[in-house]
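Enquirer: Below are the sequence and a predicted model; questions follow.
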Amino acid sequence: MANTYVDSIATASQTDFAFSFSYLKAEHVKVEINGVDTAAFTLVTSPSNKVVLNSGATAGQVVRVRRNSQPDTNLVDFVNGSVLTETELDFAYQHNRFLNEELAELNEASLQIGPGGTDWDAKSNKILNVSTPTLTADAATKNYVDQKVEQIAAGASTPPSKWQFTGTAGANTTYTVTGADVLGDSAYDVSVNGLVKEPTVDYTVDPDTDTLTIIPSLAGGEDIVIIQRGLGIPLTQGTIGTAQIADAAVTNAKLATPYSHPNHTGDVTSTGDGATAISTDAVTTTKILDGAVTSAKISSTDTTFNVGTNVAIGAVAGGTFKFDVTGSTGNVANFQSDNAGGSTALFVRNKSATGTAAILQLVARTGGTDLARSLNMDLNATGGYLQLSFAEGDQCAFRFDNSNIGDLNAGTGAFFPKTNGSHDIGKTGSRWNNLWSAGTFNGSDVNLKEDIEELSEAEKRVAIACKSLVKKYKFKDAKAKKGDNARIHVGVIAQELKSAFEAEGLDAFKYSMVGEDTWYEKIIEGEKVVKYEPTEGYTEVTQMSVNYTELLAFIISAL
C-alpha cells in the first residue's frame, strides 16, 4: 500500500482530501489532478492532515496527494566543529528515509522485467500514450489495430502501392520501397523482366528499412516491378459491409425465398463460387457487418416484412427501437395478433431486474388544441375496465370502470383502489390542490376499531386549547400568484398544535391529527422533481400537516 501518496476519485465539487503519510516540510506536500500539478490548495494539519482545494474538483477526477521531499536539496548542512544534535541527525536521517520511500514506490509502480525472464511485465495494467507505430516491432494502440483490420475487412484501405526499378548487376542487390508497411515477403508480388519471383527464395522485403532485396545475381538493366498485395482473407470468413449492398437491395423476397437471376439457374450456397443466384441461407449474420443493413437498404415497396416466429428485435445499449410512420394515415402503427389461443395480443415487459424506467409510456402529440393533445384508449375487453396494478406492495393498484356497460361491481364509472383501505390520494411533496365531491364517507364501523377509550383529562385540556388556536391566513404560493386577491383560509398552525400537546406532556405524533414529512426536491428544466430518499444535489424539505377530520372531532369533544 502506498505510504508516500494517496489517490482519491473525486465526487462533484469535492474540496477536502485527507492523507496519513508523514512529511518534513509543508512545501513537500504536493497535489496532482489527473496527473497535472496544482498549487491551488491549502494544507490543513488539525485535527488531522488534509489538503483543501481552492475550487471543488469535478466528479471522476483523480486527485493524488503525494510527498516530494526535494531530492536535490540538503535539508541539513553539517559544519566542522559544530555540535551534532539529535534533532539535526534525526532530521537528516528522516530526509534520506523519505527519499528512499518515494524512490521505492516510484520503482514499484514502474514497468519492470518479470522474475526469471527478459520480457516487460505490465502487471495487467494498460499502457497509455502509445505513439503511432513506424517499425514492425513497435507497440500499437488498439485503435490503430482496429482501423487496420476494418480497412482490410471492408475493402476501405488505399490502393496497393507499386514500385518499379532497373536492376543492378550482382547478387543481393537492394532497392528502396518507401511506404512498404506490411510485414511478410508473401505480402508482395515481385517480377523481374515479367517473370514472377518466389518470396523469401528470390527476394525479401523489410518494411522497417523500406528495402527490397533481390537475392539471385542480376546481370543489370532488368525491369523489376513490386506490388504490395497486403493480407488475404478467405471468402468464407469475410463480411459484407454497407458499401457492398445497394440501396433497397434487401427485399422481403430475398430473405424469405430463393431469388433466381434471369441469366442463371440454381442457388449459390455459402461455399458456392458466386456464379449463380442467391440462396435463402447464403447471406447469414456472419456475412453481414453490424449496421450494414440500413433503412435505405430495405425495400420501401413491400407491405409485409416477415421475420419468422419467436424473433427477438432489439436495440444497441442506450438506443431506441422505433416505428416511424410519418406521412401515413389511418391506423398508422398497427400491432395485430391472429393467435386465438387466448394469449395476450401485445405483451410488453421490462426484463431488467434493476431497471427503473417505465414499462410502457404513451405520449400524445405536443402542440395543437387540447383535443388534439388528448390521449385516447379504447377499452374493448370483456371486463370493461382499464386496470393498473402492482403485484408486490401497494404502490400502484387501481381501476377505471367503463360506465357504458352498466352495473359493474355495484357501481358505474367507478374509480376505486384494488385493495381496501391501502392507498392514498396524493403524497408528501406532491399534493392535490382542491377536492370537489358530492359526499365523503370514512370507515367507522366498530368492527374496524380496537383500544376504544374515553379521552383523558389531559387530552380534553388540549382539545380546549385547540379552540383558541384557530386563525385565518393566506397560503404563500397563492399570495405570490394573486396578491391581495388570494383567498382567506381558516385553520390551525401545525407547530402550535404540536406545542399544545407537549404542554400537557403528550406526544402529538401519536395522534393522527398531526403529521410531519421530509422529502428532497430539485428544479430540473423548470420542473420540480421530488425524491423520498436523500439524493445528492437535492434540497431537503420538512413540513408539518394537520388532519382536520380528526382535529375537528377532537375539538368538538371539548364543547
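Expert: Thanks, I have it. Note that the structure is a prediction, hence the values are computed from the model and not measured.

Enquirer: okay, now the domains of this structure?
Expert: Following automatic domain parsing, one finds the domains of the chain at 5-108, 158-228, 239-325, 360-423, 454-556.

Enquirer: And the next helix or strand past the longest helix seen in the chain?
Expert: Ranked by residue count and defined by DSSP state H, the top helix of the chain is helix 86-108. Downstream of helix 86-108, the first helix or strand assigned by DSSP states H and E is strand 112-113.

Enquirer: Pull up the gap between residue 43 and residue 23, please.
Expert: 9 Å (CB to CB, to the nearest Å). For glycine as for every other residue, the C-beta is placed from the backbone atoms N, C-alpha and C.

Enquirer: what touches both of the two?
Expert: Common neighbours of residue 43 and residue 23 (criterion: CB atoms under 8 Å, 6 or more residues apart in numbering): residue 29.

Enquirer: any idea of the mean pLDDT in the longest helix of the chain?
Expert: The average pLDDT within helix 86-108 is 82.

Enquirer: mind listing what's buried in that helix?
Expert: Using 16 or more other CB atoms under 10 Å as the test for burial, helix 86-108 gives 92, 94, 95, 98, 99, 101, 102, 105.

Enquirer: which non-adjacent residue is nearest the fourth one?
Expert: Looking back up the chat, that one is residue 98. Closest residue to residue 98 apart from its sequence neighbours, by CB to CB, 6 or more residues apart in numbering: residue 69 at 4.3 Å.

Enquirer: Ok, the last one next?
Expert: Counting by CB to CB, 6+ apart, residue 105 lies nearest to residue 4, which is 5.3 Å off, once chain neighbours are set aside.

Enquirer: Spit out the contact partners of the one you found.
Expert: 21, 66, 67, 98, 101, 102, 105.

Enquirer: what's the answer for residue 464, then?
Expert: residue 558.

Enquirer: picking that back up, confidence-wise, which of the domains of the chain is weakest overall?
Expert: domain 360-423 (a mean of 52).

Enquirer: how many other residues sit next to residue 297?
Expert: As a burial measure, residue 297 scores 15 neighbours (other CB atoms under 10 Å).

Enquirer: Tell me who's in contact with it.
Expert: 242, 245, 246, 247, 248, 249, 250.

Enquirer: mind checking the SS state of residue 459?
Expert: What DSSP: H, G, I helix; E, B strand; the rest coil gives for residue 459 is helix.

Enquirer: Verify the contact between it and residue 508 for me.
Expert: No: applying CB atoms under 8 Å, one finds residue 459 not in contact with residue 508, separated by 11.3 Å.

Enquirer: Could you dump the domains of the chain into a markdown table and include distance to residue 346?
Expert: Listed next are those as a markdown table, based on distance: least, CB to CB, whole Å:
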| stretch | distance to residue 346 |
| --- | --- |
| domain 5-108 | 41 |
| domain 158-228 | 51 |
| domain 239-325 | 13 |
| domain 360-423 | 9 |
| domain 454-556 | 31 |
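
Enquirer: quick revisit: could I get the contacts of residue 4 as TSV with distance to residue 229?
Expert: As requested, the contacts of residue 4 are exported to TSV (distance: CB to CB, whole Å):
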residue	distance to residue 229
21	59
66	53
67	58
98	60
101	57
102	54
105	51
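
Enquirer: Kindly confirm my reading that the residue nearest to residue 98 is in a strand.
Expert: No: the assignment for residue 69 (three-state DSSP) gives coil, which keeps it out of a strand.

Enquirer: Let me know the distance separating it from residue 28.
Expert: Distance from residue 69 to residue 28, by CB to CB: 5 Å.

Enquirer: what about dumping the CA coordinates of the strand ranked longest in the chain to PDB?
Expert: Longest strand in the chain, counting residues (DSSP state E): strand 514-524. Provided in PDB are the C-alpha atoms of strand 514-524 (Å, rounded to 0.1, in the frame of the first residue of the first chain):
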ATOM      1  CA  VAL A 514     -50.600  15.900  13.400                       C
ATOM      2  CA  GLY A 515     -48.100  14.800  10.800                       C
ATOM      3  CA  GLU A 516     -44.500  15.600   9.800                       C
ATOM      4  CA  ASP A 517     -42.900  14.600   6.500                       C
ATOM      5  CA  THR A 518     -39.500  15.000   4.900                       C
ATOM      6  CA  TRP A 519     -38.700  14.800   1.200                       C
ATOM      7  CA  TYR A 520     -36.000  16.000  -1.200                       C
ATOM      8  CA  GLU A 521     -36.600  18.200  -4.300                       C
ATOM      9  CA  LYS A 522     -34.700  19.800  -7.100                       C
ATOM     10  CA  ILE A 523     -35.700  22.000 -10.100                       C
ATOM     11  CA  ILE A 524     -34.800  20.300 -13.400                       C
END
